[in-house]
Each structure stands twice: as C-alpha cells, then as structure tokens.
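Novice: predicted model follows, preceded by the sequence.
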Amino acid sequence: MIKDIIKTAEEKMTKSIHVLESDLATMKAGRANPTMLDRIEVEYYGGMVPINQVGNVSAPEPRVLMITPWDKKALKAIEKAIQKSDLNINPSNDGSVIRLVVPELTKETRLNLVKMVKKHGEECKVAVRSIRRDAIEKIKGLKKSDISEDEIKKGEEDMQKKTDAFVKKIDEMLERKEKEIMTV
C-alpha cells in the first residue's frame, strides 16, 4: 500500500523532471540545437503542427539551423511561424531551405537565460515537493487502517529520500545548463 503510493509519486516526479529537461533543451545557449524549434508550430493544411513534422531540422554548423521542408509550399508558413516565435531569430529563405543563424549571446543575455533556467528549476522543485506532500498525506491517511506507526514513519522517510534525490538531480541539471549557457 505504502509502496504503491511512493511508486506513483516517483512516477509523477519523473514526469516533472522530463518536462524540465524539455524546457531546458528548447532554450538557446548560443549554439544551434534542433530542439530549440520543438515548441514552434506551423500552420499547415489548416492545422497546427510542430516544425519537425513538416520538414527535416538539422544543425550543419555550430551556430546554424537548417530546415528542409518536405513540401516546398510549407516554406512561407515555416518562416512565418519562426518570425512569430519568441526565438528572436530572423529566418533566411532561399526557396528550398530555411536557415537560422543563432546569434552569439551577450553577457546580459546569458545572465537572463540563467535566471530563466533557475526559474524553471524552481518551478520543477515546487512540483516535486507538492507531489511529496500529497504522497505523505496519503501515507498518513493510512493510520486508520491496520498499518503500524513504524511502517507509516518509514514510508514518510522513504518518500523524503526520493524527494531529496529528485531535487539533487534537478540541481545537477540546472548546473549543467548554466555552465553550457555561460561558456563562451
């Protein structure tokens, strides 16, 4: 019973970590990374679809992203979607591919990105702690059943250990991303 509660909480915490990973992957760090475009959707045949579903996204050079659409008619729509996005990169369309040159980051931009990284990390930690709180409430709710005080106490301790491990993992992810952003 307690193990099920902890297992469910652990699965939710893992999902929170995956959300943080994808958020951090889409942040530009001065290098071209195809995942930067994952959040951008293109209007294509009346529906909104992710860029990677209308063409091939690659990084032929460290600071250049290249989008090769499968349907040349999608070029304008892709260009428009990128211009509307929060990337602040102007696409260049040569009629067959779209190139995005990722600008060098200024010190100020790097510091702002680090702040955003820390904000995302703090949001993830809050989510993990909230999951822990809910799990511990469920464990404490088992007092009315035939589970001993010692088992409940051990369940709470196990839940705290899992939470501490996830918070440590989040801190490590943030540290790596911060180092990546601050590397010139």
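Specialist: Received the coordinates, thanks. Numbers count the residues shown, from 1 in each chain.

Novice: show me what whichever strand or helix holds M66 is packed up against.
Specialist: Secondary structure assignment for M66, by DSSP states H and E: strand 64-69. Applying 3 or more Cβ pairs under 8 Å, 6 or more residues apart in numbering; DSSP states H and E, one finds that strand 64-69 contacts strand 55-61, helix 75-84, strand 98-101. (Each C-beta comes from the backbone N, C-alpha and C, glycine too.)

Novice: buried stuff in the helix or strand just after the last one?
Specialist: Right, the one you point to is strand 98-101. Next helix or strand after strand 98-101 toward the C-terminus (DSSP H and E): helix 107-140. For helix 107-140, a neighbour-count test (16 or more other Cβ atoms under 10 Å) marks 110, 113-114, 117, 120-121, 124-125, 127-128, 131-132, 135-136, 138-139 as buried.

Novice: circling back to that earlier point, contacts for the strand holding M66, please.
Specialist: By Cβ atoms under 8 Å, 6 or more residues apart in numbering, the residues outside strand 64-69 that reach it are 32-34, 36-37, 51, 54-60, 75, 78, 96-102.

Novice: out of the residues you listed, which are buried?
Specialist: 32-34, 36-37, 51, 54-55, 57, 59, 75, 78, 97-100, 102.

Novice: list just the nearest of the buried residues of helix 107-140 to I6.
Specialist: Nearest to I6 among the buried residues of helix 107-140 is A135, at 6.5 Å by Cβ to Cβ.

Novice: wait, doesn't that closest one sit right on K3?
Specialist: No. If you go by Cβ atoms under 8 Å, A135 and K3 don't touch, sitting 11.3 Å apart.

Novice: on that earlier part again, so which of the helices and strands packed on strand 64-69 comes closest to K168?
Specialist: strand 55-61 (31.0 Å).

Novice: quick one, the closest one and helix 75-84 angle?
Specialist: Counting by axes from the mean of the first three to the mean of the last three Cα atoms, to 10 degrees, strand 55-61 lies at 60 degrees to helix 75-84.

Novice: pairing partners for strand 55-61, with directions?
Specialist: Using DSSP bridges, strand 55-61 pairs in its sheet with strand 64-69 (antiparallel).

Novice: and the partner strand, how far from the chain's centre?
Specialist: 22 Å (Cα atoms, centre = their mean, to the nearest Å).

Novice: then stretch 33-52?
Specialist: Distance, centroid of stretch 33-52 to centroid of chain: 16 Å (Cα atoms, centre = their mean).
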